[in-house]
Each structure stands twice: as structure tokens, then as C-alpha cells.
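J.: build me a model from this:
(2 chains)
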Amino acid sequence: MTHAEMSELYELYALGVLEPELAAEIERHLNEQCEYCWEHLRSAMQVTAALAGTAEPVSPPRALRRRLLDSVRHGRPAAIPSFAVFAFSAAALACFVFFITWQVATHSTQKQIDALRHERDQLRAAIEVLSRPETRSVEFGKTENGPHGRVLLSGNGGIVFVGSQLPQLPAHQTFEMWLVPANGAPKPAGLFRLNSAGDSVNVSPLPLDGSTKAVAVSIEPERGSNEPTTKPILVVPLG
Amino acid sequence: MPAEKFIYETAGMQAGAKAEARAIELLRARDPQGLAAAYDLYASPAFALLVRITRDKIVAEDLLQEVFLRLWNHAQEFDSNRGTLGIWIMSIARHLAIDHVRSAQNRFSTKLRPIENADAPCFLRNPNTEQSRITDQQTVRDAFATLNAEEKRIIELAYFEGFSQTEIASRLEQPLGTVKSRIRSALQRLRAAVGEVGQQ
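T.: Residues are numbered from 1 along each chain as shown, chains lettered A, B, ... in the order given. Below you'll find the predicted structure:
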């Protein structure tokens, strides 16, 4: 593609409406540091960014600024409602400790105890990741009646998936979490099922490197898979 | 009135390039004052954009936090030789909002999004030129008002809803060529309006 042909496309590219193949070609060219094309892109971005000005003016609540700044001053991202999540997790752990005691007292089967201990260990690990100052949170789903929750990411390793409203699975199936790189195959990051409260928590100790672009969850056979065998039911871009 | 002052004052952005440069400097030093400065410059237009796309103020508040946390967390990677802070913020806000709307619409869809391209393009080469600043809202609204109904709808579908040309053509049941030519024509008029302000 010539410069003249490309210059016709920059506004479409900046607007995000260009066909993927053409957009990829432009990106390849821009990566070659072509000064001429960067100038055109700058101009195009100016036009498209200006479109934001057609939105009705509305100011964010004043408290939002304070919350945001308080959170970074205390070294914890505001996107993590840290107290709420921590309090929820701590309360959940307390409930589980009580539930374990109660279960042991009334239905002391080894299988139940093992499952509950696993849940307790998962929650403890989740709280440990939550308590790290560098942990950040990515929310997915916003409605109560659909799958929703958070993925907590610790730069020092440790990814926690906390989900609600995931579908019930038959005994021969399980959820499997995947770390999705920009290129290459997803890496398996743990099996999990709905816990006794109907929620799900999965803690993966895998280190989170820069190549991980998303966390995905698929439904797999009971023993899990080395690569996804079904389409994921959730894909959470990590931004 | 000088173009720079005109642009920033009418856009509700009381400071200019110096304030932006200072904000970037502080952000790189991990000084929360840098985030405060960036927020004061761009939170309002970004919030307006987020509300426009999501049509939900609560969601827009969450996304606005996400935008500024990304800025805080990635300030070291921000290349001011390639872009202005304002356009970077608006670009991130737009992508996050469109992603949110699409993910809400496709909660059970399992298609992997093109993650690598989620934030692109978000840079400009030189942040200190007139052209690289966000243009005033009234001028853009005036220019937008000159578009015909079809052009407006197409630009809205593209900018605020993130549809490709093919998707727009399919949604509006119009030939792809017609959609393309309407987008070009609309952008041409908007470009002229933006250019005029920059030359004042």
C-alpha cells in the first residue's frame, strides 16, 4: 500500500472501523516509525477524539476523585474495593470455618471434609493475594443475574478468580481457568467447581507475566484438559 | 482569543500543554498529585464520553476509575513523544466503555476479543502541537450538526458503539460502499471544523 493510499485510511483506522487486515497493515507500517504516517495519524486522531465532544457534558461525582486519590496514596488501587472485598472474604472464611465445624459434626464424611478444606485453603490463599499492596482487580460482569465477579492479580505471582452465577455443572465436568497470552496457546491455571455457597474461587500460583492478556474459563471433563476443549464461557481481558 | 486558550477553555480544560506536561512528570515520579492534575484536566470529558457510551452513570464511574488507574499504573510506559495525555485518556475511556457494553451484550458469547488491539491507537507523535489537543465541544457539535441523519447515525455507530464498517452496513441494511462513502464525507466535514479551530 502506498502512502497516498494509506493516508486515505487513517481516519477510518482512528475511528476503529477499518477492516482488520487493513488495520494490521497500517500498524505494521507505523511500527516502522514512518514519520509521514505518524503525522497523518496524529491529525486523524484529533478528528476522532473530537467526537467525544458531542457527548452531553456531565461531571463525575466529587467523591470519586477523592476515592481515587486516597486509594493511590495508600498504595492500593481504587478499582479494588479493598475493604469490601477483604471484609467479604474474611466473612466468607469465617462462615466456612463455622460451616466446616458444623459439617464435621453432623456429616463427617471424609469427602465432604476434604472438599471444605479445599475451599477454606482457596479462600485463605485468596485473602493472602488480596492483602498484597500491589494486587489489582479486574471486574467482569455487572449484573447480579449473570456470571460476574473479579480476577485479582498480584505482580508477585498469584491470580485469584472469584465468580458468582456460573452455571451448575454435572459431576463429570469441571471449570478450568486459562491464562491467555497474546500469542500461543492458553495455559491451564487450575480446576474449580461451585463451592457450597454456589460461588467459585480459584487461586492459581502461576506467575503473571506481561504476555498474559486475559483470563478465560471453560467447561472441561472432570479431570481437566491440557488445552481448552470447549469454547470459554468467560473471557476477562486484563488490560 | 488565541487558539490554544480557546480550545482549552471551551472544552472545560483550564490548563494547557504545560499543565499536561507537569501531570505526566509527576505521574512518572509516582506522585499522586500527577494523577490529581490529570483527573482535573480530563475526568469530566472522559466521564461524559463514558456515560454517553454506557448510558449508565454507575458503570461510567467504575470505568472512569479504571481509566485513571491504568494511567497511574502505566505512567512509566506512557510515551509523550507519541501522544497527548488527553487523547490517550479519551481513547482508553472509549475502548473500555465499548468493551463493557459489548461484554454486557454478549455475556454468554465466547468469542475472544482482539485483546492486543484493545487500546490502539492511542498515541500522537508530538503533544505540543495545536492539532494534538482535544478540540472544543461546541465546535464539534456545530460540525456534527451539519451532518445529515444518516451520516450522524453512522458516525455514532462507529465512534460510540464501536461497530466496523461491515457491521454498520449490515445493521443499517445499506451497501458497504454507501457506508464507507458516508463515513468519509462525515469525517471530511469534521476534519475541516477541527482544522479551522487549530488554525485560529
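J.: going by C-alpha atoms from here, please, whenever you check contacts or count neighbours.
T.: OK.
J.: ok, which stretches of chain B are helices?
T.: Here chain B has its helices, by DSSP state H, at B:3-10, B:17-28, B:32-54, B:57-73, B:85-105, B:137-145, B:149-159, B:165-172, B:176-199.
J.: mind showing which ranges of chain A have poor pLDDT?
T.: A:74-122, A:144, A:155-157, A:196-197 (pLDDT under 70).
J.: domain parsing for it?
T.: Annotated domains of chain A cover A:3-54, A:82-237 [automatic domain parsing].
J.: need the helix or strand of chain B with the lowest average pLDDT.
T.: helix B:3-10 (a mean of 34; mean pLDDT, DSSP states H and E).
J.: on that earlier part again, out of the domains of chain A, flag the one nearest residue B:59.
T.: In terms of CA to CA, the element of the domains of chain A nearest to residue B:59 is domain A:82-237, at 8.2 Å.
J.: what's the burial count for residue A:65?
T.: The tally of other residues near residue A:65 (other CA atoms under 10 Å in any protein chain shown) stands at 19.
J.: assess the claim that it and residue B:39 are in contact.
T.: Yes - counting by CA atoms under 8 Å, residue A:65 touches residue B:39, with 7.5 Å between them.
J.: which residues are in contact with each of those two?
T.: Overlap of the contact sets of residue A:65 and residue B:39 (by CA atoms under 8 Å, 6 or more residues apart in numbering or on different chains) is empty.
J.: okay, now the unreliable bits of chain B?
T.: B:1-16, B:80-83, B:104-137, B:194-200.
J.: and it, what are its domains?
T.: Split by automatic domain parsing, chain B gives B:1-130, B:135-200.
J.: deepest in the core, which of these is it.
T.: Among these, judged by mean count of other CA atoms under 10 Å in any protein chain shown, the one packed with the most neighbours on average is domain B:1-130 (a mean of 19).
J.: contact partners for the nearest residue to residue B:162 once chain neighbours are set aside?
T.: Among residues not flanking residue B:162 along the chain, residue B:98 sits closest, at 6.1 Å (CA to CA, 6 or more residues apart in numbering or on different chains). By CA under 8 Å, 6+ apart, the residues touching residue B:98 are B:53-54, B:160-162.
J.: any idea how far residue B:98 is from residue B:54?
T.: The gap separating residue B:98 from residue B:54 is 8 Å, by CA to CA, to the nearest Å.
J.: and the contacts of residue B:98, which is closest to chain A?
T.: residue B:162 (6.9 Å; CA to the nearest CA).
J.: so that closest one sits against residue A:14, correct?
T.: No - taking contacts as CA under 8 Å, residue B:162 lies outside contact range of residue A:14: 11.3 Å.
J.: picking up where we left off before, for the helices of chain B, which one sits closest to residue A:192?
T.: Proximity to residue A:192, assessed across the helices of chain B by CA to CA, is greatest for helix B:85-105 (23.1 Å).
J.: can you check what angle separates the closest one from helix B:17-28?
T.: Helix B:85-105 runs at 60 degrees relative to helix B:17-28, counting by axes from the mean of the first three to the mean of the last three CA atoms, to 10 degrees.
J.: would you put the C-alpha positions of helix B:85-105 in PDB?
T.: Only the C-alpha atoms of helix B:85-105 are listed here, as PDB (Å, rounded to 0.1, in the frame of the first residue of the first chain):
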ATOM      1  CA  LEU B  85      -2.400  12.600  27.700                       C
ATOM      2  CA  GLY B  86      -5.800  13.900  26.800                       C
ATOM      3  CA  ILE B  87      -6.300  11.900  23.700                       C
ATOM      4  CA  TRP B  88      -4.800   8.800  25.400                       C
ATOM      5  CA  ILE B  89      -7.300   9.100  28.200                       C
ATOM      6  CA  MET B  90     -10.200   9.600  25.800                       C
ATOM      7  CA  SER B  91      -9.100   6.700  23.700                       C
ATOM      8  CA  ILE B  92      -8.800   4.400  26.700                       C
ATOM      9  CA  ALA B  93     -12.200   5.600  28.000                       C
ATOM     10  CA  ARG B  94     -13.800   4.900  24.700                       C
ATOM     11  CA  HIS B  95     -12.400   1.400  24.400                       C
ATOM     12  CA  LEU B  96     -13.200   0.500  27.900                       C
ATOM     13  CA  ALA B  97     -16.800   1.700  27.500                       C
ATOM     14  CA  ILE B  98     -17.400  -0.100  24.200                       C
ATOM     15  CA  ASP B  99     -15.800  -3.200  25.700                       C
ATOM     16  CA  HIS B 100     -18.100  -3.000  28.600                       C
ATOM     17  CA  VAL B 101     -21.200  -2.600  26.500                       C
ATOM     18  CA  ARG B 102     -20.300  -5.400  24.200                       C
ATOM     19  CA  SER B 103     -19.400  -7.700  27.100                       C
ATOM     20  CA  ALA B 104     -22.800  -6.900  28.700                       C
ATOM     21  CA  GLN B 105     -24.500  -7.600  25.400                       C
END
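J.: quick check, residue A:160 in a strand?
T.: Yes - assigned with DSSP: H, G, I helix; E, B strand; the rest coil, residue A:160 falls within a strand.
J.: give me the distance between it and residue A:146.
T.: Distance from residue A:160 to residue A:146, by CA to CA: 19 Å.
J.: the two - which one has more neighbours?
T.: residue A:160 (23 against 15).
J.: now do the contacts for that one.
T.: Neighbours of residue A:160 in contact, by CA under 8 Å, 6+ apart: A:126, A:129, A:151-153, A:201-204.
J.: of all pairs in those residues, which one is the farthest apart?
T.: Largest pairwise distance in the contacts of residue A:160, by CA to CA, is 13.5 Å, between A:153 and A:201.
J.: strands along chain A, start to end?
T.: A:136-140, A:148-153, A:159-164, A:173-181, A:187-192, A:200-204, A:212-221, A:234-237 (DSSP state E).
J.: gap between the shortest one and the chain center?
T.: Here the centre of mass of C-alpha atoms in strand A:234-237, compared against the chain's by CA atoms, centre = their mean, to the nearest Å, lies 6 Å away.
J.: any bit of that strand sitting next to chain B?
T.: Yes - applying CA under 8 Å from any CA of the partner chain, one finds strand A:234-237 in contact with chain B at A:234-235, A:237.
J.: restrict that strand to CA atoms and write it as CSV.
T.: Output of strand A:234-237 as CSV, limited to C-alpha atoms (Å, rounded to 0.1, in the frame of the first residue of the first chain):
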residue,chain,number,x,y,z
LEU,A,234,-15.9,-16.3,30.2
VAL,A,235,-13.0,-14.2,28.9
VAL,A,236,-11.7,-11.5,31.1
PRO,A,237,-9.3,-9.1,29.4
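J.: check which helices and strands it sits against.
T.: strand A:212-221 (3 or more CA pairs under 8 Å, 6 or more residues apart in numbering or on different chains; DSSP states H and E).
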